[in-house]
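Asker: Next input, structure requested:
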Amino acid sequence: MSGNTLGTLFRVTSFGESHGPAIGCVVDGCPPGMALAAPDIQRELDRRKPGTSRHVTQRRESDTVEILSGVFEGRTTGTPIALLIRNEDQRSKDYAAIAETFRPGHADYAYWQKYGIRDYRGGGRASARETAVRVAAGAIAKKWLVERHGIAIRGHLVALGSKTIPFEDWAHVETNPFFVANASMQDELDAYMDALRKSGDSCGAKITVVASGVPVGWGEPVYGRLDADLASAMMGINAVKGVEIGAGFGSAAQRGTEHSDEMTPEGFLSNNAGGILGGISTGQDVVVTIAVKPTSSIRLDRRSIDKAGKPVIVNTHGRHDPCVGIRATPIAEAMMALVLIDHALRHRAQNADVVTPTPRIPAAAPADVVARHRRAAAVDDPDPDEA
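Answerer: Predicted coordinates:
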């Protein structure tokens with residue numbers, strides 16, 4: 001099976017299955033000399049691990065990470081960093097009933113037709129369990145990015161099923177099991193998920209990830225675009241079915257006067273581009289939103305076929321997240337970090353000595369400057385529908 005490596009200079013190769021002895025990855029290309037210990041990685045894994053609330057799978061995994069190589073006397077050596085996470089709470093018997101059938105909405109049928117063999121225990125290699133090692137590798141990337149460039153990567157859940165969640169404050173994200181930046185909605189979201197779980201059904205979610213402090217100039221035009229690599233990485237997360245950069249699909253309804261991010265000496269007046277133009281970072285916040293589909297493993301009856309092609313009724317029992325998006329925020333943050341560190345190293349390799357005479361403007365103009373320009377634009381360019 002190919003397709004298990006992400007990155008160009010900072011490369012992550014993962015291995016393992018949901019119900020195998022362990023999962024893990026090899027991180028190659030990490031710059032030497034950075035202080036690194038297991039707790040640096042464990043903090044991120046603990047945010048993602050199962051069993052953290054009644055709204056997620058109750059599979060009990062400590063997700064304890066072991067650093068097997070690439071670190072000497074507490075610092076990275078520049079050699080491959082091997083990370084291992086042992087599986088501790090598999091219940092493979094829960095999947096015996098689907099060994100000869102294909103679950104709708106899962107990769108079972110596609111895997112079987114491609115490889116002629118599949119590990120049906122928890123989805124095997126297709127399981128979201130594999131994302132734990134991405135979070136582990138992402139923790140290394142996050143640490144380097146913040147130490148070298150001051151880049152902060154934060155994510156939050158912006159929609160849970162039909163519930164839209166207004167942003168209030170980043171401080172709320174780590175105080176609730178949903179990773180929402182809105183503490184006032186937790187009771188409503190608890191009730192929504194309790195009712196959903198009782199019904200046996202599932203729902204999707206939307207997550208926004210923001211990287212602040214990304215310098216101008218990262219990314220390569222045409223085939224090495226920063227936004228294209230981000231979109232590819234985010235689509236590589238299990239159950240993700242849509243990716244937006246900045247205004248995303250909303251830009252289709254915008255006018256050019258609204259969408260184009262005007263510049264002033266005080267800073268940009270908006271960020272519809274999501275911090276990327278022509279595949280290259282602008283120095284603004286890099287903003288990515290992903291759509292996560294409803295969990296396909298549900299206990300309600302659904303139509304499918306068996307290996308002989310005959311019709312069957314399938315329902316899935318076991319321990320599953322009624323909304324996989326609830327635990328996906330740390331995963332999306334990790335994928336953002338892995339792409340950014342790779343582009344940071346690529347930029348450093350070719351363009352570290354580039355200097356231009358143009359001053360670098362702030363990522364965002366002060367609120368009073370933005371308000372002043374918006375008032376002026378409203379006077380100078382009235383809505384033609386109202387003129």
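Asker: what residue ranges in the protein score low on pLDDT?
Answerer: Residues of the chain meeting the criterion pLDDT under 70: 1, 50-53, 57-60, 89-96, 122, 318-319, 380-387.
Asker: Residue 37 contacts residue 73, correct?
Answerer: No - using CB atoms under 8 Å, residue 37 is not in contact with residue 73; the gap is 10.8 Å. Glycine gets a C-beta too; all of them are placed from N, C-alpha and C.
Asker: Could you give the number of residues near residue 344?
Answerer: By other CB atoms under 10 Å, the residues close to residue 344 number 23.
Asker: Tell me how many other residues surround the closest residue to it other than its chain neighbours.
Answerer: If the residues on either side of it in the chain are set aside, residue 344 comes closest to residue 218, at 6.3 Å by CB to CB, 6 or more residues apart in numbering. Residues contacting residue 218 under the criterion other CB under 10 Å number 25.
Asker: Also the one 5 residues further on?
Answerer: Per other CB under 10 Å, the neighbour tally for residue 223 reads 8.
Asker: need the helices for the chain, in chain order.
Answerer: 38-48, 108-115, 131-149, 186-199, 226-235, 256-259, 329-351, 367-380 (DSSP state H).
Asker: Now tabulate the ones you listed in a markdown table and tack on distance to residue 66.
Answerer: Listed next are those as a markdown table, based on distance: least, CB to CB, whole Å:
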| stretch | distance to residue 66 |
| --- | --- |
| helix 38-48 | 7 |
| helix 108-115 | 29 |
| helix 131-149 | 10 |
| helix 186-199 | 33 |
| helix 226-235 | 25 |
| helix 256-259 | 48 |
| helix 329-351 | 18 |
| helix 367-380 | 47 |
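Asker: mind checking which of those helices is nearest residue 207?
Answerer: Of all the helices of the chain, it is helix 329-351 that lies closest to residue 207, at 5.2 Å by CB to CB.
Asker: centre of the chain versus that closest one, how much separation?
Answerer: 12 Å (CA atoms, centre = their mean, to the nearest Å).
Asker: so what does that helix touch, helix or strand wise?
Answerer: helix 38-48, helix 131-149, strand 152-160, strand 205-212, helix 226-235, strand 286-292 (3 or more CB pairs under 8 Å, 6 or more residues apart in numbering; DSSP states H and E).
Asker: buried set for the shortest one?
Answerer: Put plainly, it is strand 286-292. 286-292 (16 or more other CB atoms under 10 Å).
Asker: What's the local residue count around residue 294?
Answerer: Neighbours around residue 294, by other CB under 10 Å: 19.
Asker: OK, contacts around it?
Answerer: When contacts are counted by CB atoms under 8 Å, 6 or more residues apart in numbering, residue 294 touches 105, 201-204, 323.
Asker: and which of those residues is nearest to residue 333?
Answerer: Distance to residue 333 across the contacts of residue 294 (CB to CB) is lowest for residue 323, with 17.8 Å.
Asker: Skipping its backbone neighbours, what lies nearest the closest one in space?
Answerer: residue 203 (5.1 Å).
Asker: Just confirm that neighbour contacts residue 157, I think it does.
Answerer: No - with contacts counted by CB under 8 Å, residue 203 stays clear of residue 157, the gap being 11.8 Å.
Asker: Please say which of those two ends up with more neighbours.
Answerer: Counted by other CB under 10 Å, residue 203 and residue 157 do not tie: residue 157 has more neighbours, with 26 against 21.
Asker: now the more buried one: how far from residue 291?
Answerer: 12 Å (CB to CB, to the nearest Å).
Asker: can you list residues touching both of these two?
Answerer: 205-206.
Asker: wait, what's in contact with the closest residue to residue 192 other than its chain neighbours?
Answerer: Among residues not flanking residue 192 along the chain, residue 163 sits closest, at 5.9 Å (CB to CB, 6+ apart). Counting by CB under 8 Å, 6+ apart, residue 163 touches 185, 188-189, 192.
Asker: what pairs with residue 163 across the strands?
Answerer: Judged by DSSP bridges, the bridge partners of residue 163 are residue 160.
Asker: Check the gap between it and residue 239 for me.
Answerer: 18 Å.
Asker: Same check on residue 279?
Answerer: 26 Å.
Asker: What residues does residue 153 make contact with?
Answerer: 142, 145, 209-212, 333, 336-337, 340.
Asker: burial count for residue 308?
Answerer: Neighbours of residue 308 (other CB under 10 Å): 8.
Asker: List the contacts of stretch 271-284.
Answerer: 211, 214-222, 224-228, 230, 244-248, 251, 254, 258-261, 268, 285-288, 343, 360-361, 363-364.
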